[in-house]
Structure formats: structure tokens, C-alpha cells
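This is a predicted model, with the sequence first.
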Amino acid sequence: MRKTSLLIVLTGFILSFTSCEQTKKEDEVQISTSKKSNIDPYRIEIIALQNGFGYQLFENKKLIIDQQTIPAIQGNQAFQTYESAEKCAEFCLQKIKKGIFPPTITVEELNSLGIK
């Protein structure tokens, strides 16, 4: 009788530990799945031109914007520095992520970014 009681108690412990371990594994799978869903589909490339810099914006490897001149100003003037092209590209990307497409830029916005 005593052996049977001890066997039942041990079996209960083993089953409870086994079910806890399975729950942990399920949680781990959920965590890794949620990390994969946070991948940003957008990418910025700064391009060197003959007279300065421009940028390209990609969504899921598809080119969505090819900006070789400074937007909102007259003429065909490229960005003078890599940094200014990068600032403008990041600003455009933020507009796209907010659902604004095309991400038009005003002279005032260029000034606020320090791009002249």
C-alpha cells in the first residue's frame, strides 16, 4: 500500500514537471516568432552622383523612390553632403511609415533639417 502511494505521488511530480517544461518551450517559440515580425521592410541607400549625393528608398527590396536632386527647390541640384542626403531620406521614410505617400517635402522642412 505504501509503495503504491509513493508511486502515485512520484508520478504526479513527474507529470507536473513535464507539463511545466512544455509550457516554457511554447513561450520560447512565441517570443522568437514575435521578434521575426518586427523586421523593417524599408531600406535607405545614399548614392554618389557626379555633382553630389542622392538617395534611394526601398520597400521589400523594391525601389520606391529614386531622389537624385534636392526636393522642393528649383533646378536639378544634388545634395552637397552625404549627411544631408541621409537626413532627407530618413525624413521621407518617416513620412512613408506614417502613411504619407508620396512623401512630399517643403522648403520649410528642408530648412528645419538644416539642408540648404
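Structure's in. What do you need?

where exactly do the helices run in the protein?
2-36, 82-97, 107-113 (DSSP state H).

quick one: terminal-to-terminal distance for stretch 58-76?
Using C-alpha to C-alpha, to the nearest Å, the end-to-end distance of stretch 58-76 comes to 22 Å.

Can you pull out the residues in contact with it?
Contacts to stretch 58-76, defined as C-beta atoms under 8 Å, 6 or more residues apart in numbering, come from residues 41-45, 47, 49, 54-57, 77-79, 88-89, 92, 96, 102-107, 109-110, 115. No exception for glycine: its C-beta is placed from N, CA and C like everyone else's.

Could you report the neighbour count for Q94?
Applying other C-beta atoms under 10 Å, we find 11 residues neighbouring Q94.

ok, so what distance separates it from F58?
Q94 is 15 Å from F58, where distance means C-beta to C-beta, to the nearest Å.

quick check: domain ranges of the protein?
Per automatic domain parsing, the structural domains of the chain span 1-38, 42-113.

Show the end-to-end separation of the longest one, please.
So the one you mean is domain 42-113. 21 Å.

now swap in stretch 70-81 and tell me
End to end - C-alpha to C-alpha - stretch 70-81 spans 11 Å.

mean confidence for it?
Stretch 70-81 carries an average pLDDT of 96.

Give the burial count for the nearest residue to Q77 once chain neighbours are set aside, as a bare number.
Among residues not flanking Q77 along the chain, I70 sits closest, at 5.3 Å (C-beta to C-beta, 6 or more residues apart in numbering). Using other C-beta under 10 Å, I70 has 24 other residues around it.
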